[in-house]
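A.B. asks: Generate coordinates for the sequence data below:
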Amino acid sequence: MLEKLSSLSGSSQALQQLQDLRTRRLLQIIAISLLGLLIALLLVNGATKLLLLTGSLALCCAAAAAFYQRSLLAAYLLLWSMVLMLSGLAWVAGGLRDIAVLGYPGVLIYAALFGSSMLFVSLLLFIIAFCALMAWATMQGLLIPHIPVISWNTVVFIGVILLITGFSVYLMTKDLRQLMDSLQRENERVRNSQAEIERLAHHDRLTGLPNRILAEIIYQQLLQHCRSNDLRLAVLFLDLDNFKPVNDSLGHSAGDLVLQQLATRLLSQMPEGAMLCRFGGDEFLALVPTDADDGKLSLLAKAMINQTCSPFLVMQTHIEISGSVGIAVVPRDGVEFNVLSKKADMAMYKAKSDGRNTWRFYDEEIDKANIDKFNLLQQIRLALKEQQFQLYYQPKVNLTTGAITGAEALVRWPQLDGSVISPLEFIPLCEESGLIVELGHWVLQEACRACQRWQQLGYGGITVAVNLSSVQFRDGALEQSVQQALKDAGLPAAALELELTESLLIGEALNIQQQLDQLSSLGLTFAIDDFGTGYSNLGYLRRFNATTLKIDKSFISSLCMSKRDEPLVQAIVQLAKSLGLNTVAEGVEDAQTLQKLQQMGCDEAQGYFWSPPLPEADFLRFLPSV
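C.D. replies: Okay, the predicted model is just below:
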């Protein structure tokens, strides 16, 4: 809307300037014409003087009209008064041979400059008709021309006519020159604008680097060059690690400054003939002609990663990030730009999965892994549809009384051949694809129904624990899902415990805290799973109303074999007690570890010492008789 108003304002201003110029030119023509008539008045008398006086008065009226911005009226008064005056002078004097006829071209020039098409045509037709009339009248003897004697007065009259006509021609050519200059400037501006539009269409606005569109064009050019010079063409795909927190904590303006500085750094590392492009977001693409030595590409990838690792000073803040690089090479990995970019991207993700801050060359195993991943994802969708997943339950034991206090629900995926696909394979893929929301809802429903069945059998003191993924918090529907599961099963909320990982509490803390507060108001409890392996932030324990700390099995399994873990486990138990939290040790597999935990004052434990995760029927047989 603002652009439209600005455009209208500009057009209105241009029209006003044109109108002012038109008025100024009219006043100039009237002034020079009036001056010429006044000079002529000093040299004539009789009828000629009367005609010149009448013409002068008409010019004064035209000047008044022009002064009051009535340009068209002023043009009509000026031109018709002049043509009638010239016609009258020619009729009373020399007819077609009279010097007054010389003024007709000037009148027509004025008409072309200031009048409308109708005014110009009417004047032209009148002049032609009047000249024809004078010729006919002369031939019939009705008009007897008076040929004046050549004198200085004649020279003055001719000079006046030429002065007025020449002045009008001068103004017209001056305006035409100005118009041509303006058109040339406008054409230059349009050409510059087109060049800028083309540059913006092919270059990244933030870094000035070629964008994805231009990258493909450059790729084709470099490919021809490499073929002509028996070289290979490498595509290096760089993606930044942990860049999102920069934008989230310092703002996108800070992130933009980091990208600008990084672009400058990366350009300094490009070998001769290579081209660096910004592929989008925090992704950069390098097109590098190279020989058969992959070692040079490894060195370049390492140099690019080093540039990302060097601290950035932005807004008086030191920012440290890292990067991962994937490399694909023509012709080994393909020829088409899109194919090479995709394979370099896949290699980059392989570098991320291998620990980040490194580089990987594309190989067929990566492709195979992606195909396997895709096929597994399709199988997961089918498994959800056909309810192939099962819940197993691992007992939790009170270390003081030996009583079973609850069970952790763990999802399993049995196959028709008797094998079981590990959760380590399908859970990360479910989280990545978002299917964990559907799977998590099913787990909640099944676990709550199972716990209700236990209570109906007389095991009222046994609770069920369900693990949550951070993905389940993203759509804000988790509270509704939990409420629905409890309602459908008829299970009291106090019988349900939700297990959260420490990393979940760090990301998007405000959003998650709001949802946890809503869940806490239902009456259920929270446990912090795998405690000690993440951030172990005491502030999160207080803010998220945790009631239980589950000590990760990596500390428990080596408790009796490594003196290093014993003080750590003891510290976690003491910390939990000081905060009024219950402690659960995971991965207890022998009596010696159990005894050590009892000495430390640990409250509960679970592990293969008592039982592995069991199907519900086996779990019920494991429970003591009511």
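A.B. asks: Quick one: distance of the helix or strand hosting Lys385 to the chain centre.
C.D. replies: Element membership for Lys385 (DSSP states H and E) is helix 364-386. With Cα atoms, centre = their mean, to the nearest Å as the basis, helix 364-386 stands 32 Å off its chain's centre.
A.B. asks: other SSEs contacting the following helix or strand past it?
C.D. replies: The first helix or strand that comes after helix 364-386 along the chain, using DSSP H and E, is strand 390-398. Contacting strand 390-398 under the criterion 3 or more Cβ pairs under 8 Å, 6 or more residues apart in numbering; DSSP states H and E are the following elements: strand 404-414, helix 436-456, strand 604-606, strand 614-615, helix 616-622. C-beta here means a position set from N, CA and C on the backbone, and glycine is covered the same way.
A.B. asks: Any chance of those in a markdown table with mean pLDDT and distance to Gln184 as columns?
C.D. replies: A markdown table is the format used below for the helices and strands packed on strand 390-398 (pLDDT from 0 to 100; distance: least, Cβ to Cβ, whole Å):
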| stretch | mean pLDDT | distance to Gln184 |
| --- | --- | --- |
| strand 404-414 | 95 | 75 |
| helix 436-456 | 95 | 64 |
| strand 604-606 | 95 | 85 |
| strand 614-615 | 95 | 87 |
| helix 616-622 | 94 | 87 |
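A.B. asks: looking at the ones you listed, which is buried most?
C.D. replies: strand 604-606 (a mean of 24; mean count of other Cβ atoms under 10 Å).
A.B. asks: May I have the strands that pair with it, each with its orientation?
C.D. replies: strand 390-398 (antiparallel), strand 582-586 (parallel) (DSSP bridges).
A.B. asks: so how far is stretch 233-241 off the chain centroid?
C.D. replies: On Cα atoms, centre = their mean, the centre of stretch 233-241 falls 21 Å from the chain's centre.
A.B. asks: what's the longest helix in this structure?
C.D. replies: Across the chain, the longest stretch assigned as helix under DSSP state H is helix 152-202.
A.B. asks: That one packs against which elements?
C.D. replies: Helix 152-202 packs on helix 2-41, helix 104-114, helix 212-228, going by 3+ Cβ pairs under 8 Å, 6+ apart.
A.B. asks: These: lowest mean pLDDT?
C.D. replies: Note on those: helix 2-41 shows the lowest mean pLDDT, a mean of 63.
A.B. asks: Please spell out which residues along the helix or strand just after it are buried.
C.D. replies: The first helix or strand that comes after helix 2-41 along the chain, using DSSP H and E, is helix 47-67. Buried residues in helix 47-67, counted by 16 or more other Cβ atoms under 10 Å: Thr48, Leu51, Leu52, Gly55, Ser56, Ala58, Leu59, Ala62, Ala63, Ala65, Ala66.
A.B. asks: pLDDT score for the third one?
C.D. replies: On the pLDDT scale, Leu52 is placed at 74.
A.B. asks: ok, it to Gly36 distance?
C.D. replies: As judged by Cβ to Cβ, to the nearest Å, Leu52 and Gly36 stand 10 Å apart.
A.B. asks: The fifth one too?
C.D. replies: Relative to Gly36, Ser56 is positioned 10 Å away (criterion: Cβ to Cβ).
A.B. asks: got the contact list for the residue nearest the centre of the chain?
C.D. replies: Taking Cα atoms, centre = their mean, the centroid of the chain lies closest to Gly281, which sits 8.4 Å from it. If a contact means Cβ atoms under 8 Å, 6 or more residues apart in numbering, then Gly281 has no contacts.
A.B. asks: and it, what are its phi and psi?
C.D. replies: Backbone torsions for Gly281, taken as degrees, to the nearest 10, come to phi 60, psi -120.
A.B. asks: Tell me how far it lies from Asp256.
C.D. replies: For Gly281, the distance to Asp256 (Cβ to Cβ) stands at 11 Å.
A.B. asks: Look at Leu262 and say how many residues are nearby.
C.D. replies: Using other Cβ atoms under 10 Å, Leu262 has 24 other residues around it.
A.B. asks: my bad, should have said Asn229
C.D. replies: Number of residues near Asn229 (other Cβ under 10 Å) recorded here: 10.
A.B. asks: Assign the residue nearest to it when sequence neighbours are not counted to helix, strand or coil.
C.D. replies: Leaving aside its sequence neighbours, Asn229 sits nearest to Pro289 (Cβ to Cβ, 6 or more residues apart in numbering; 7.7 Å). Here Pro289 is recorded as strand under DSSP: H, G, I helix; E, B strand; the rest coil.
A.B. asks: My understanding was that Pro289 contacts Ala274; is that so?
C.D. replies: Yes - using Cβ atoms under 8 Å, Pro289 is in contact with Ala274, at 6.9 Å.
A.B. asks: thinking again about what came up before, could you tell me the angle between the helix holding Lys385 and strand 404-414?
C.D. replies: Helix 364-386 and strand 404-414 are oriented at 120 degrees to each other (axes from the mean of the first three to the mean of the last three Cα atoms, to 10 degrees).
A.B. asks: buried sites along helix 364-386?
C.D. replies: Ile366, Leu377, Gln379, Ile380, Ala383.
A.B. asks: Would you mind giving these as CSV with distance to Gln28 and pLDDT added?
C.D. replies: Output for the buried residues of helix 364-386, formatted as CSV (distance: Cβ to Cβ, whole Å; pLDDT from 0 to 100):
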residue, distance to Gln28, pLDDT
Ile366, 80, 79
Leu377, 82, 89
Gln379, 89, 93
Ile380, 86, 91
Ala383, 91, 92
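A.B. asks: Return the set of buried residues in the helix or strand Leu300 falls within.
C.D. replies: Per DSSP H and E: Leu300 is located in helix 294-309. Buried residues in helix 294-309, counted by 16+ other Cβ under 10 Å: Leu297, Leu300, Ala301, Ala303, Met304, Ile305, Gln307, Thr308.
A.B. asks: chain center to that helix: distance?
C.D. replies: The answer for helix 294-309 is 28 Å, by Cα atoms, centre = their mean.
A.B. asks: How about stretch 266-275?
C.D. replies: That offset, for stretch 266-275, works out to 26 Å (Cα atoms, centre = their mean).
A.B. asks: pLDDT on that stretch, on average?
C.D. replies: Per-residue scores along stretch 266-275 average to 92.
A.B. asks: Which residues does that stretch contact?
C.D. replies: 209-210, 215, 218, 222, 225, 238, 276, 284, 286-289, 300, 303-304, 307.
A.B. asks: isn't Val101 right up against Cys131?
C.D. replies: Yes - under the criterion of Cβ under 8 Å, Val101 is in contact with Cys131, at a separation of 7.4 Å.
A.B. asks: So the chain: which segments form each domain?
C.D. replies: As assigned by automatic domain parsing, the chain contains the domains 15-179, 212-362, 396-622.
A.B. asks: Can you classify Arg332 by secondary structure?
C.D. replies: coil.
A.B. asks: which residues touch it?
C.D. replies: Contacts of Arg332 (Cβ under 8 Å, 6+ apart): Arg232.
A.B. asks: what's the spacing between it and Asp282?
C.D. replies: Taking Cβ to Cβ, one finds Arg332 at 27 Å from Asp282.
A.B. asks: I'd assumed Cys430 was in contact with Leu439.
C.D. replies: Yes - contact criterion Cβ under 8 Å: Leu439 and Cys430 qualify, at 5.4 Å.
A.B. asks: what residues does stretch 545-552 touch?
C.D. replies: Against stretch 545-552 from outside (Cβ under 8 Å, 6+ apart): 497, 499-500, 516-517, 520, 525-533, 540-541, 569, 572-573, 575-576, 581-587, 602.
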